[in-house]
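> what follows is a predicted structure for the sequence shown.
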2 protein chains.
Amino acid sequence: MITPELLEKHGALKKSFDKNQVIFEEGIFPSNYFQIFLGEVKMSNYNDDGREFIQGIFYKNQSFGEPPLFLNQKYPANAIAVEDTEIFVLPKANFMKLLEENPKISIKIIENLAQRLYYKSVMAAEISTQEPEHRVLKLIDHGIVYFNFKKDKNGYLINFTRQQIGDLTGLRVETVIRTIKNLEKKGELKIINRKVYR
Amino acid sequence: MITPELLEKHGALKKSFDKNQVIFEEGIFPSNYFQIFLGEVKMSNYNDDGREFIQGIFYKNQSFGEPPLFLNQKYPANAIAVEDTEIFVLPKANFMKLLEENPKISIKIIENLAQRLYYKSVMAAEISTQEPEHRVLKLIDHGIVYFNFKKDKNGYLINFTRQQIGDLTGLRVETVIRTIKNLEKKGELKIINRKVYR
DNA sequence: CCTGTTTTATGATTTAAGTCATAAAATGGA
DNA sequence: TCCATTTTATGACTTAAATCATAAAACAGG
């Protein structure tokens, strides 16, 4: 995360996106650095028959879409606002200049990319070899640490819909619903009026 | 990739690993930067019943295992020498000092992580939503660009075993074999005495 | 050159997750 | 407050890939 002051000093503009509005599309070439000021963004793919896979969900102060920006490659996924969102947009040239002048930011970028790579490594192994219960639990436990799940008297509230959990784990909604029910039976989590707690 | 001179200047030692020897194990905390001088390394996970998932394969001059090193987190996978291999090993403190003194290396690290994140994004979407033929082709086409597949008169030689393709795509050997046969029938690739060309 | 291991191969069978159909409950905008 | 949409839910059924069994071909080390 780069401070708003530094971003604005280098010419970043704050842009607004409505809920469900596309920020950039798979296949186009990147030209900006994006950092969320307020709201929530998902990056996702749609396969040939419209099925969605969510690569990641990003919140306040997080950046997204940097890898293709650094590599001059097409975006491998779409970025879509999950709710009304405001985003700092900084042209690549300005962003590179900012990095050059602030070597410590490079370390932050490295740590951020490392974090995301770590998540992807864990989930890739889960998705390709583990059964639904294992996958869902892993995602939830990851979410407790890295997404902004909040704790109350019932435990951590997993504020993902069943559909989102499916799109993040490669499972279908019905399978997620049944899996969560089973996990509740086994005492791994709680369902309190349809909300999931861990 | 950091030059051998710079690595050695900061105290890197060259260590030898036999084929199939473990370089580090899932779950332990990292303390070194690793860069391959010669040979081949895979990073992989084993699920509860011994099934393998290969996170990535690394060759000459490539580094691996940095994300947990930067994050002070446990390794999410094992690193194993695929053949007899020599590796530069540099203690974390020395590595961080090297980075500090050579800001341009940071950019290289960023690009490298970005590249790996890009691969993982593409494969994650494939593995979780696409059918076997699509997955296998995507892996092969990625391999042509980023692994060291060589071109001859028959096309690019895909020097992965069917088992490796399975472990990289989350499919079983038999499925990979049948899928590759189908892809050949459709003219997407060639099989010349059991070797796959694209 | 032999021999044990790995890799490729194929057919039969099983099964777990996907698909399809349907609906109640919850949510959110107008 | 009403109504359309989204989310959760459940049962029946289908299916694609996994599993199991078996074997031939290729390869690698002594």
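Arrived safely, thanks for sending.
> excluding its backbone neighbours, what's nearest the closest residue to DNA strand C within chain A?
Relative to DNA strand C, the nearest point of chain A is A:Thr175 (3.1 Å; Cβ to the nearest atom of the strand). The C-beta positions use only the backbone N, C-alpha and C, and glycine is treated the same way. Leaving out its chain neighbours, the residue that sits closest to A:Thr175 by Cβ to Cβ, 6 or more residues apart in numbering or on different chains is A:Pro132, at 5.8 Å.
> check the one you found and give its pLDDT.
The confidence metric pLDDT takes the value 96 at A:Pro132.
> and it, how many neighbours?
Neighbours of A:Pro132 under the rule other Cβ atoms under 10 Å in any protein chain shown: 19.
> check whether the lengthiest helix in chain A contacts DNA strand C.
Secondary structure of chain A per DSSP state H: the longest helix is helix A:103-129. No - applying Cβ under 7 Å from any atom of the strand, one finds helix A:103-129 separated from DNA strand C by no less than 9.9 Å.
> could you check the angle that helix makes with helix B:103-129?
Calculated by axes from the mean of the first three to the mean of the last three Cα atoms, to 10 degrees, helix A:103-129 forms an angle of 20 degrees with helix B:103-129.
> ok, then the element right after helix A:103-129?
Once the chain leaves helix A:103-129, the next helix or strand it forms, by DSSP states H and E, is helix A:132-146.
> just the buried residues of that following helix, please?
Within helix A:132-146, the residues scored as buried using 16 or more other Cβ atoms under 10 Å in any protein chain shown are A:Pro132, A:Arg135, A:Val136, A:Leu137, A:Lys138, A:Leu139, A:Ile140, A:His142, A:Gly143, A:Ile144.
> contact partners for the residue positioned nearest the centre of chain A?
Centroid-nearest residue in chain A: A:Ile57, 1.9 Å away (criterion: Cα atoms, centre = their mean). Residues near A:Ile57 by Cβ atoms under 8 Å, 6 or more residues apart in numbering or on different chains: A:Glu40, A:Val41, A:Lys42, A:Met43, A:Val82, A:Phe147, A:Gln164, A:Leu168.
> now do the least confident helix or strand in chain A by mean pLDDT: which elements does it pack against?
For chain A, using mean pLDDT, DSSP states H and E, the weakest element among its helices and strands is strand A:150-152, scoring a mean of 89. Applying 3 or more Cβ pairs under 8 Å, 6 or more residues apart in numbering or on different chains; DSSP states H and E, one finds that strand A:150-152 contacts strand A:155-157.
> and the strands in chain A?
Counting by DSSP state E, one finds strands in chain A at the ranges A:13-17, A:22-24, A:32-38, A:40-46, A:52-59, A:63-64, A:78-81, A:85-91, A:150-152, A:155-157, A:190-192, A:195-197.
> can you tell me if the last one touches DNA strand C.
This means strand A:195-197. No - Strand A:195-197 stays clear of DNA strand C (Cβ under 7 Å from any atom of the strand), getting no nearer than 7.7 Å.
> quick one: residues contacting A:Phe88.
When contacts are counted by Cβ under 8 Å, 6+ apart, A:Phe88 touches A:Pro4, A:Leu7, A:Glu8, A:Ala12, A:Leu13, A:Lys14, A:Lys15, A:Tyr33, A:Phe34, A:Gln35, A:Ile36, A:Phe37.
> buried only: go through these for me.
In those, burial by neighbour count holds for A:Leu7, A:Ala12, A:Tyr33, A:Phe34, A:Gln35, A:Ile36, A:Phe37, counting by 16+ other Cβ under 10 Å.
> measure A:Tyr197 to B:Lys138 for me?
Taking Cβ to Cβ, to the nearest Å as the measure, A:Tyr197 falls 38 Å from B:Lys138.
> once you drop chain neighbours, what's closest to A:Lys138?
Nearest non-adjacent residue to A:Lys138, counting by Cβ to Cβ, 6+ apart: A:Glu126, 4.9 Å away.
> contacts only, for that neighbour.
A:His134, A:Arg135, A:Lys138, A:Leu139, A:Thr169.
> same check on A:Phe95?
Contacts of A:Phe95 by Cβ under 8 Å, 6+ apart are A:His10, A:Asn32, A:Tyr33, A:Leu69.
> can I assume the second one is in contact with A:Asn94?
Yep, that's A:Asn32 we're talking about. No - here A:Asn32 does not reach A:Asn94: they are 9.1 Å apart, not a contact under Cβ atoms under 8 Å.
> which one's more surrounded, these two?
A:Asn32 (19 against 16).
> ok, that one to A:Ile23 distance?
Using Cβ to Cβ, we find A:Asn32 at a distance of 10 Å from A:Ile23.
> what does the pLDDT read for the residue lying closest to A:Asp18 once chain neighbours are set aside?
Spatial nearest neighbour of A:Asp18, chain neighbours left out: A:Asp84 (5.9 Å); criterion: Cβ to Cβ, 6+ apart. At A:Asp84, the model reports a pLDDT of 90.
> surely A:Asp84 meets A:Ser16?
Yes - with contact defined as Cβ under 8 Å, A:Asp84 counts as touching A:Ser16 (7.3 Å).
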